[in-house]
Each structure stands twice: as structure tokens, then as C-alpha cells.
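Student: pasting a predicted model and its sequence here:
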Amino acid sequence: MSSNVHGYVALLLHAHIPYVRHHKAEITLEERWFFEAVVDSYLPLIEMMDRLLEEGVPFALTLSLSPPLLAMLEDTGLQKRLRKHLASLCELSQREVIRLWGHADFGPTARLYADHYHRLLALYDRLRGDLIGKFRSLRSSGCLELITCAATHAFLPLVKNDAALRAQLEAAVQEFRRHFGSAPAGIWLPECGYTPALEPHLQALGLRYFVVDAHAFAASGASTSYPLRTPNGACAYARDLEAGAQVWSAESGYPSDPDYREYYRDIGFDLGRSGGAEWEYLKPYVLPDGARVHTGFKYHRVTGMGDAKAPYHPALAAQKAQQHAEHFVASRVAQLRR
């Protein structure tokens with residue numbers, strides 16, 4: 001380690017969606033949650049990692065993939081529905097470019113959406129819908145570590161039956177091995193819920209580390225600045241409160257910045273409130289029964305409290321994201337020095 005390095009920061013992302021597959025022919029609200037997670041999180045994450053590899057930028061991430069999420073990513077029926085959803089987003093994006101042509105504030109954002117969704121569809125087609133295979137490939141590159149989560153994302157401290165507790169962990173390890181060819185080294189405990197009853201099962205299954213919330217360390221009097229080895233040998237890592245607040249908190253963190261996109265202002269709710277031509281335009285892109293949902297097309301920024309929202313400008317948001325990234329890195333360096 002060079003003299004100017006004071007420690008390490010572990011970037012760990014947790015990926016989970018409840019099992020929402022339906023046998024109905026029509027798309028359901030719950031399946032839209034799954035599609036949104038893939039389109040807004042997992043595909044952009046893959047795209048980013050591919051870009052970093054192409055540019056020769058070294059990086060290291062850890063990603064937990066829950067068994068329910070893996071089951072849905074593997075499902076060929078859901079893969080076909082997801083591909084259809086991406087094609088629908090591309091279609092709507094083209095229509096949005098036409099609808100907002102010449103609009104000084106919204107027109108450029110509409111074109112950005114069109115480029116974005118067409119790029120994601122092309123990526124999905126290159127992967128042939130196999131995101132699991134892509135994660136396996138990224139894992140082989142050495143830049144991505146994959147870990148597991150409990151079988152049904154159960155809050156384990158409330159699982160009082162020891163056999164059921166073992167089954168939650170054993171099934172998770174088996175599924176991980178089936179998809180990735182080897183057992184996971186670590187586990188994201190659902191909701192970071194820990195109980196000492198986990199210890200013998202973690203040891204028996206070769207799970208060498210897990211993640212808990214910071215208050216678990218506070219109760220033991222230990223510092224969250226380094227992992228804590230438990231009596232059975234596994235290492236506990238505590239989520240860092242300072243870093244977590246910066247990237248997560250809607251009150252004090254980066255997400256509350258007025259230049260960022262406002263999630264809750266979506267054309268799925270803004271257009272066609274009185275029916276008419278606007279509603280007919282929107283209708284093919286909401287649920288089959290006409291229930292409104294988030295479409296992904298949002299043209300306003302956080303701005304501030306209240307309903308009045310200013311137009312969203314992607315260039316300003318990108319500039320602010322760069323500033324926040326630099327602030328985040330500087331904050332971690334200062335934290336390590338402390």
C-alpha cells in the first residue's frame with residue numbers, strides 16, 4: 001500500500017425484487033416494478049461497467065443478487081415481456097420526440113430519452129436477455145464480486161425455527177452455485193437483520209462475511225470503520241451512516257438537489273387528466289385496465305418542496321452529478337484520515 005492510502009472503501013449494491021411473476025396474459029402492476037428495476041438500474045449498471053472496461057478504468061464493485069430476482073431474470077417468459085416493454089419505451093420515446101418537437105425545455109430531454117431507451121434495447125438484444133450470463137462474465141473479469149441474499153428475502157431474526165433459518169441460507173447458496181458455478185463468499189442479510197443463530201449456518205455454508213446496519217456495531221461498542229470478526233469466524237461489515245446519508249437521504253443527501261430529476265412527475269400521471277386526445281395517446285403505455293403508472297418519461301426537476309416544478313435539464317444534472325461524485329470521494333478520503 002502506498003504511503004498516501006489510508007484505507008479502503010467497499011462499494012456494495014443490493015439488488016432484490018419480490019417474486020412478482022404472474023400467469024396472466026396481460027402485464028400487471030407488480031411486473032412493471034420488475035421491468036422498471038431492470039430498465040432503470042440493472043441495464044444502466046451493466047452499460048456503465050462495460051464502458052469502464054472498454055476505457056481501461058479499473059474499478060471494483062460488490063453486487064448482491066437475491067434468489068427471487070435471479071429466478072425472474074432467468075424466466076424466459078419474463079424476458080420476452082421485458083423485451084416487449086423496452087420496445088414499447090422506444091416507441092413512446094419516438095412519439096415524445098414528435099409531440100415535444102420545438103419545445104425549448106422538454107424537447108431536448110425527449111430526444112435524450114429516445115437515445116437512452118434505444119441504446120438499452122440494443123444492449124438487451126446483444127445479451128439476448130441473459131443478464132445473469134452478463135453478470136457472470138463481469139464477475140470473471142475480476143471487477144465485480146457477486147454475493148447472495150436469503151432465499152425469500154425473509155427478515156432472519158424473526159425466523160425462529162432453526163431448520164427454516166438453515167433453509168433460507170442453504171437454498172440461497174445452492175441457487176447462487178447453480179447460476180455462477182461456485183459458492184458465494186458473502187451474503188447481504190435481508191434488511192441487514194442479524195441474529196447470533198445465523199453463525200453456525202454461515203460457517204457450515206462457507207459464507208465468510210455479511211452486512212449489518214451500523215446500530216448493530218454500536219450495541220457491541222465496536223467501531224464501524226473496520227469489519228468485526230464474529231465468534232464463528234465470519235466478518236460483519238456495517239453500513240456506513242455518513243456515506244449512506246449522502247447517497248440515499250432525501251433530506252440531507254444528493255437526491256434532494258433541485259437540479260435532479262423529479263421521479264414523481266411522470267407523463268403517466270400528468271397527461272390526459274381530463275381524457276380526450278391526450279389520454280388516447282397515453283393509454284397504450286399504462287396498464288391494460290387503464291390504471292396509471294410511471295412510464296419513465298419525466299420532464300421536471302426536484303426544484304423544491306411543493307407541486308410547482310421547474311423543467312429538468314439533463315446537462316445541469318450531469319454537471320451536478322460530477323460535483324457530487326467529487327464531493328463523495330473527498331468525503332471518503334477525509335473519513336479515512338479521521
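Tutor: Arrived safely.

Student: using CSV, write out the CA atom coordinates for stretch 135-143.
Tutor: Taking only C-alpha atoms (Å, rounded to 0.1, in the frame of the first residue of the first chain), the coordinates of stretch 135-143 have been written out as CSV:
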residue,chain,number,x,y,z
PHE,A,135,-23.1,-10.7,-14.5
ARG,A,136,-21.3,-14.0,-14.7
SER,A,137,-19.0,-12.6,-17.4
LEU,A,138,-18.3,-9.4,-15.4
ARG,A,139,-17.6,-11.5,-12.4
SER,A,140,-15.0,-13.4,-14.4
SER,A,141,-13.3,-10.1,-15.4
GLY,A,142,-12.4,-9.6,-11.7
CYS,A,143,-14.1,-6.2,-11.4
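
Student: quick one: distance of it to the chain centre.
Tutor: Taking Cα atoms, centre = their mean, to the nearest Å, one finds stretch 135-143 lying 18 Å from the centre of the chain it belongs to.

Student: contacts for it next, please.
Tutor: For stretch 135-143, contacts defined as Cβ atoms under 8 Å, 6 or more residues apart in numbering pick out 46, 49, 52-53, 58-61, 63, 65, 144-146, 179-181. In this view, the C-beta of every residue, glycine as well, is placed from N, C-alpha and C.

Student: list only those of the residues you listed flagged as buried.
Tutor: The neighbour count (16 or more other Cβ atoms under 10 Å) marks Ile46, Met49, Leu61, Leu63, Leu65, Leu144, Glu145, Leu146, His179, Phe180 as buried among those.

Student: for the residues you listed, which one is nearest Glu280?
Tutor: Checking these against Glu280 with Cβ to Cβ, the nearest one is Ile46 at 35.5 Å.

Student: that closest one contacts Ile132, doesn't it?
Tutor: No - contact status for Ile46 versus Ile132: not in contact, 11.2 Å apart, counting by Cβ atoms under 8 Å.

Student: now, which of the buried ones among the contacts of stretch 135-143 sits nearest Tyr285?
Tutor: Nearest to Tyr285 among the buried ones among the contacts of stretch 135-143, with distances taken as Cβ to Cβ, is Ile46, at 24.5 Å.
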